[in-house]
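Novice: Just a sequence and a predicted model for now, questions to come.
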Amino acid sequence: MSDTFKAILISRDEDKKQSVSVASLTEDDLMEGDVTVAVEATTVNYKDGLAITGKSPVIRRWPMIPGIDFAGTVLKSDNAEWKPGDKVVLNGWGVGEVHYGAFAGRARVKGEWLVPLPAGMSAHDAMAVGTAGYTAMLCVMALERHAITPDRGPVVVTGAAGGVGSVAVSILSKLGYHVIAATGRTGEEAYLKELGAAEIIPRAELSEPSSRPLGKERWAGGVDAVGSHTLANVLAQTAYGGAVAACGLAQGMDLPASVAPFILRGVSLLGIDSVMAPRELRLEAWRRIGSDLDSAKLARLSRTIGFDGIVEAAGDIVEGRIRGRVVVDM
């Protein structure tokens, strides 16, 4: 085993100008934690793209190794729950934001942040799911808790060709839902149909400002990774007693909506946080991913790059040039 490993390091100078470099580190350079993991696979999420490009203030400690999730093998452990050789997955917990993250050969973290790699799933497959897919599963589970079942009617997925959207379309279709996929990317119809979308609508139908507090009832529920006018329009077109799970802000953090859907149709807006979600919810989400996500679809919605391709992929994902999921083979 090499004493050193490569890591992407984001730094900031006195003028708060950000720079990105590849550093050679040792385990002595890592932050505190009771479990050290050999990172075997990671992924490039939208949040990772924002961190590396500096397009949004994701990083809150400098310097920082970005990368909000990884899968790998435990090397050392002072935590009773884990031992060397265990296969583990990490999503969130501020990793890549305030604690050194996944874009390095090694990671040292708190044992309670880890969950077991699902049986029969490789590190590569887990990162084809990644935080985006785990978040999509949390959204589906929230809709189920709100009794949004397939017989209630269609469900809409916004940003459908992105990471969260691709996995949400795949899971919902396998569970029997009639999925309406909203996307602004031309030429993605065949891809989304392969994942299980029953209908595809253009992003512009939902992304423009609307003066109408309520629209025609089009769906029983939805998964929204976009926010802003898109989420407002999804809510305005949700059927009586329906629910929308909101987990993203690709269009913006604002919500230019009225209270009409909530007080006239009893619509519920379900907030989804994947970063600090309790461990019990994480374990259930990963168990469900193992059973409810078609492995063949997982292969179709992901592609693999090496460590040297991370920075370029970060720029591409922020600019909307990446379809589905990007797995990094470490």
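Specialist: Nice, I can see it. Numbering: from 1, shown residues only.
Novice: Any idea how far the helix ranked longest in the chain is from the middle of the chain?
Specialist: Across the chain, the longest stretch assigned as helix under DSSP state H is helix 123-145. Per Cα atoms, centre = their mean, to the nearest Å, the displacement of helix 123-145 from the mean C-alpha position of its chain is 7 Å.
Novice: what about that helix, average pLDDT?
Specialist: Throughout helix 123-145, pLDDT has a mean value of 96.
Novice: Buried ones in it, by neighbour count?
Specialist: 123-143 (16 or more other Cβ atoms under 10 Å). Every C-beta, even on glycine, is put in place using the N, C-alpha and C of the backbone.
Novice: care to break the protein down by domain?
Specialist: 5-117+297-329, 131-271 (automatic domain parsing).
Novice: With respect to residue 284, which of those domains lies nearest?
Specialist: Residue 284 lies closest, by Cβ to Cβ, to one member of the domains of the chain: domain 131-271, at 7.1 Å.
Novice: Highest mean neighbour count out of the domains of the chain?
Specialist: domain 131-271 (a mean of 21; mean count of other Cβ atoms under 10 Å).
Novice: returning to what we had before: JSON lines for the domains of the chain, including distance to residue 290?
Specialist: Rendered in JSON lines, the data for the domains of the chain read as follows (distance: least, Cβ to Cβ, whole Å):
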{"stretch": "domain 5-117+297-329", "distance to residue 290": "10"}
{"stretch": "domain 131-271", "distance to residue 290": "10"}
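Novice: So which of those domains is nearest residue 288?
Specialist: Of the domains of the chain, the one closest to residue 288 (Cβ to Cβ) turns out to be domain 131-271, at 5.6 Å.
Novice: okay, how far is it across the closest one, tip to tip?
Specialist: Terminal residues of domain 131-271 lie 16 Å apart, using Cα to Cα, to the nearest Å.
Novice: With stretch 305-313 instead?
Specialist: 9 Å.
Novice: Repeat that for stretch 83-92.
Specialist: Its start and end residues considered, stretch 83-92 measures 21 Å (Cα to Cα).
Novice: Average pLDDT for that stretch, rounded please.
Specialist: On average, the pLDDT along stretch 83-92 is 97.
Novice: Check the offset of it from the chain's centre.
Specialist: Centre to centre, stretch against its chain (Cα atoms, centre = their mean), the figure for stretch 83-92 is 18 Å.
Novice: swap in stretch 188-203?
Specialist: On Cα atoms, centre = their mean, the centre of stretch 188-203 falls 19 Å from the chain's centre.
Novice: swap in stretch 49-61?
Specialist: In this view, stretch 49-61 has its centroid 16 Å away from the chain centroid, taken as Cα atoms, centre = their mean.
Novice: Stretch 23-41 now?
Specialist: Taking Cα atoms, centre = their mean, one finds stretch 23-41 lying 23 Å from the centre of the chain it belongs to.
Novice: then it to CSV, C-alphas only?
Specialist: Included here for stretch 23-41 are C-alpha records, laid out as CSV according to Å, rounded to 0.1, in the frame of the first residue of the first chain:
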residue,chain,number,x,y,z
ALA,A,23,-2.1,17.3,-4.0
SER,A,24,-0.1,14.3,-2.8
LEU,A,25,-1.2,13.5,0.8
THR,A,26,-0.7,11.0,3.5
GLU,A,27,-3.1,9.7,6.2
ASP,A,28,-1.5,12.2,8.6
ASP,A,29,-3.0,15.0,6.5
LEU,A,30,-6.6,13.7,7.0
MET,A,31,-9.0,15.2,9.5
GLU,A,32,-10.3,13.6,12.7
GLY,A,33,-12.4,10.5,12.7
ASP,A,34,-12.5,6.9,14.0
VAL,A,35,-12.6,5.0,10.7
THR,A,36,-10.2,5.3,7.8
VAL,A,37,-11.5,4.1,4.4
ALA,A,38,-9.8,3.3,1.1
VAL,A,39,-12.0,5.1,-1.3
GLU,A,40,-12.7,2.8,-4.3
ALA,A,41,-15.4,4.7,-6.0
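Novice: can you pull the contacts of residue 23?
Specialist: Taking Cβ atoms under 8 Å, 6 or more residues apart in numbering as the criterion, residue 23 is in contact with 6, 7, 8, 9.
Novice: my bad, should have said residue 159
Specialist: Going by Cβ under 8 Å, 6+ apart, residue 159 touches 165, 182, 183, 224, 225, 226, 248, 250.
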